[in-house]
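Enquirer: below is the sequence, then the predicted model.
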Amino acid sequence: MNTKGFSIDREHIWHPYASMHNPPPVCDVHHTDGTHIVLQNGQRLIDGISSWWCASFGYQRQEIVEAIREQAAEMAHVMFGGLTHEPAQQCAEALLALLPDSLRHIFYADSGSIAVECAMKMALQYQISQGKTTRTRIVALRGGYHGDTIGAMSVSDPCGMHQIFSGVLPRQFFVEQPSCRFDAPWDEKSFAPMAEMLHSHSQEIAAVILEPIFQGANGMWFYHPQYLRNLRKTCNDLGIVLIFDEIATGFWRTGRLFAMEYANVVPDILCLGKTLTGGNITFACAIASTQIAEPIPTLLHGPTYMANPLACAAACASLKILQSADWGKEVARIEAKLRQTLAPCRQCPNVADVRILGAVGVLDVRHLPTAETLQKIVLKTGVWLRPEEHFIYTMPPFITRDDELERIARAMEMLAYA
Ligand SMILES: *Cc1c(COP(=O)(O)O)cnc(C)c1O
């Protein structure tokens, strides 16, 4: 361990959701490679969560590394106001080829949270353009997560963070989590709370935002595709904009290229991020239909690093990798292996539920181990995991081998018993 660096880290550098006076334990990383994070002391950890769900094709993909290197040698960045460049155009071409025909207008954002902010602005500005100036609020789901900026936080599950920031956050409408499980027979009652909300407040509502099929960070919950079909129809009937946040679910994570394909439903605005650059550079986008984009006179957003060429080049290379293999088949293999290897966890008294879809495996537990116990088990098993809320979960890179999945499952089991 690099001792000087380590003390600077402890004293001066904030980590995600951490305190400065009592910083949680951290591992010092030297490099990454394939499915592995390699520590300063040489220990290799299998990454069971793809660096917060973005390194889905594995680390150090040469195509992406080379693309970034070549782009950096030519032009690392120029402002996007009044200027344009090939990486932005090529990235758009690659995205449009993947997307449903109605989603045509791409706004490049610096992170997932900012893509969500842009999507909300698009929806609000669209309603204003239609003369619907009372439609200022957004409907979101309990158990949802859309990012950490103020606007994105206002539509994420109103849990701990909301109480601290109440009085600051815009007041949105929340609907209970869709109760019908992904694999259960459809129960029409599970849509009733959403229908009731949309019908009774339609004149105040600009948009609905949700994560299709799989609620990530705050829910780790898979719900029935029919919910999205009902929602699409109700939004059409009431003039409400439908936003899908596929920042986590996009690019095969749930077993389809996009999770919305399970429902065969297309939103008015789609947010993408995370796997977009294969886990290399922060980058995301919000993509609107022509119906939404056309009437907006000027979209009021324009970040300094908009359409950063390095990020665009990384995304182009990552999207090429996406097209170059049958990832659906790999994800199906991972799903089958997780079903088999996580089954014994149902016996653990701490485990309330086991849920698996695509390359996502979740143990819903009654209590989590402490940060110190977690680190001990990570180092002992050689598997990198980061349980959150009441979830011990894996979202491994799609190149993770069966024997590595076996080790991930055993580490999850050990955490559940800890
Ligand atoms: C991670 C995530 C975000 C936020 O993305 P950042 O790049 O961390 O800002 C938004 N929505 C969903 C569904 C996410 O999983």
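Expert: Yes, it's here.

Enquirer: following the host helix or strand of residue 232, which helix or strand comes up?
Expert: Element membership of residue 232, judged by DSSP states H and E, is helix 225-238. Taking DSSP H and E as the definition, the helix or strand that follows helix 225-238 towards the C-terminus is strand 241-245.

Enquirer: quick one: list the elements packing against the helix holding residue 232.
Expert: Other elements packing on helix 225-238 under the criterion 3 or more Cβ pairs under 8 Å, 6 or more residues apart in numbering; DSSP states H and E are helix 192-201, strand 205-210, strand 241-245. Where you see a C-beta, it was placed from the backbone N, CA and C, and this is true even at glycine.

Enquirer: one more time with 10 Å, if that's ok
Expert: strand 137-141, helix 192-201, strand 205-210, strand 241-245 (3 or more Cβ pairs under 10 Å, 6 or more residues apart in numbering; DSSP states H and E).

Enquirer: does the first one come close to the ligand?
Expert: Same thing as strand 137-141. No: among the residues of strand 137-141, none lie within reach of the ligand under Cβ under 6 Å from any ligand atom; the closest is 11.3 Å away.

Enquirer: contacting residues around residue 88?
Expert: Listed by Cβ atoms under 10 Å, 6 or more residues apart in numbering, the contact partners of residue 88 are 80, 106, 108, 306-309, 311-313, 315-316.

Enquirer: of those, which is the most crowded?
Expert: residue 315 (32 neighbours; other Cβ atoms under 10 Å).

Enquirer: any idea how far it lies from the ligand?
Expert: Here residue 315 is placed at a distance of 13 Å from the ligand (Cβ to the nearest ligand atom, to the nearest Å).

Enquirer: now the helix holding residue 232: buried residues?
Expert: The neighbour-count check on helix 225-238 (16 or more other Cβ atoms under 10 Å) flags 225-228, 230-232, 234-235 as buried.

Enquirer: got phi/psi on residue 96?
Expert: The phi and psi torsions at residue 96 (degrees, to the nearest 10) take the values phi -60, psi -30.

Enquirer: thinking it is in contact with residue 102, fair?
Expert: No: contact criterion Cβ atoms under 10 Å: residue 96 and residue 102 do not qualify, at 11.2 Å.

Enquirer: quick one on the thing from earlier: between the buried residues of helix 225-238, which is closest to the ligand?
Expert: Top of the list for closeness to the ligand, among the buried residues of helix 225-238 and by Cβ to the nearest ligand atom, is residue 228 at 15.0 Å.

Enquirer: return the residues in contact with that closest one.
Expert: 178, 191, 210, 212-213, 242, 244, 259-260, 262-267.

Enquirer: just give the nearest non-adjacent residue to it, would you?
Expert: Nearest non-adjacent residue to residue 228, counting by Cβ to Cβ, 6 or more residues apart in numbering: residue 263, 3.8 Å away.

Enquirer: closest residue of the stretch 151-300 of the chain to the ligand?
Expert: Ranking the residues of the stretch 151-300 of the chain by distance to the ligand (Cβ to the nearest ligand atom) places residue 248 first, at 3.4 Å.

Enquirer: excluding chain neighbours, what is closest to that residue?
Expert: residue 216 (4.1 Å).

Enquirer: so where's the chain uncertain?
Expert: Low-confidence regions of the chain, defined by pLDDT under 70, span residues 1-3, 160.

Enquirer: around the ligand, which positions in it sit nearby?
Expert: Counting by Cβ under 6 Å from any ligand atom, the residues of the chain that sit close to the ligand are 111-113, 116, 145-147, 211, 216-217, 245, 247-248, 273-274, 284.

Enquirer: the same query, at a cut-off of 8 Å, please.
Expert: 52-53, 111-116, 144-149, 152, 211, 216-217, 245-249, 271, 273-274, 282, 284 (Cβ under 8 Å from any ligand atom).

Enquirer: just the buried members of those residues?
Expert: Buried residues within those, defined by neighbour count using 16+ other Cβ under 10 Å: 53, 111-116, 144-147, 152, 211, 216-217, 245-249, 271, 273-274, 282, 284.

Enquirer: do a quick rundown of the helices in the stretch 51-200 of the chain.
Expert: Listed in chain order, the helices found in the stretch 51-200 of the chain under DSSP state H, counting those that start in this stretch are 62-74, 86-98, 112-129, 150-154, 160-165, 192-201.
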